[in-house]
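> Quick one: sequence plus predicted model below, questions after.
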Amino acid sequence: MGLCVAKPLTDGEDSDHHFEFAGGKVSLITTKESWDQKLEEAKRDGKIVVANFSATWCGPCKMIAPLFSELSEKHPSLMFLLIDVDELTEFSTSWDIKATPTFFFLRDGQQVDKLVGANKPELEKKITAIVDSLSRFQK
């Protein structure tokens, strides 16, 4: 289950690779304001947020990105957000991100679960459990 803990020392890498990460119904968060806006929207719509703290240079992040995108299409009852830890360094630090990818599951802005690393089966399992709990709650 891969994860990245430090940025490699390579030059010439820019952060224009978001298209690889933010496909499907994944919203790319580029400011604290857009984060607050999306959380407010999720709260209003009764959606659970799945926040992916990721990095464009992280191999495991690239590996799990297509699944994250696919899950966003498959589960419209959830809100999928992508945060580039290098673009929003201070914000990511406030969430105590020690490795990428780190996934937070939030209800009404509060953490209900967390997954560190690119563990595809575990990510699918957690999302399925959340969707199941939502469907039971809405009945």
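Good, I have the coordinates. Numbers count the residues shown, from 1 in each chain.
> going forward, measure contacts and count neighbours with C-alpha atoms only.
Noted.
> ok so Glu70 is a helix residue?
Yes: counting by DSSP: H, G, I helix; E, B strand; the rest coil, Glu70 is part of a helix.
> okay, it: pLDDT?
pLDDT for Glu70: 96.
> Which residues are in contact with the most centrally placed residue in the chain?
Centroid-nearest residue in the chain: Asn52, 1.5 Å away (criterion: CA atoms, centre = their mean). Counting by CA atoms under 8 Å, 6 or more residues apart in numbering, Asn52 makes contact with 80-83, 101-104.
> cool, Phe103 as well?
Counting by CA under 8 Å, 6+ apart, Phe103 makes contact with 50-53, 114-116.
> Filter these down to the buried ones and hand me the ChimeraX line.
The ChimeraX selection below is limited to those of the contacts of Phe103 classed as buried (16 or more other CA atoms under 10 Å):
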select :50,51,52,53,116
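> Among the contacts of Phe103, which lie within strands?
50-53, 114-116 (DSSP state E).
> Most widely separated two among those?
Val50 and Val116 (12.7 Å; CA to CA).
> hey, what's the residue nearest to Lys47 when sequence neighbours are not counted bridged with?
Sequence neighbours aside, Leu78 is the residue nearest to Lys47 in space, at 5.2 Å (criterion: CA to CA, 6 or more residues apart in numbering). Beta-bridge partners for Leu78, by DSSP bridges, are Ile48.
> Perfect, that will be all.
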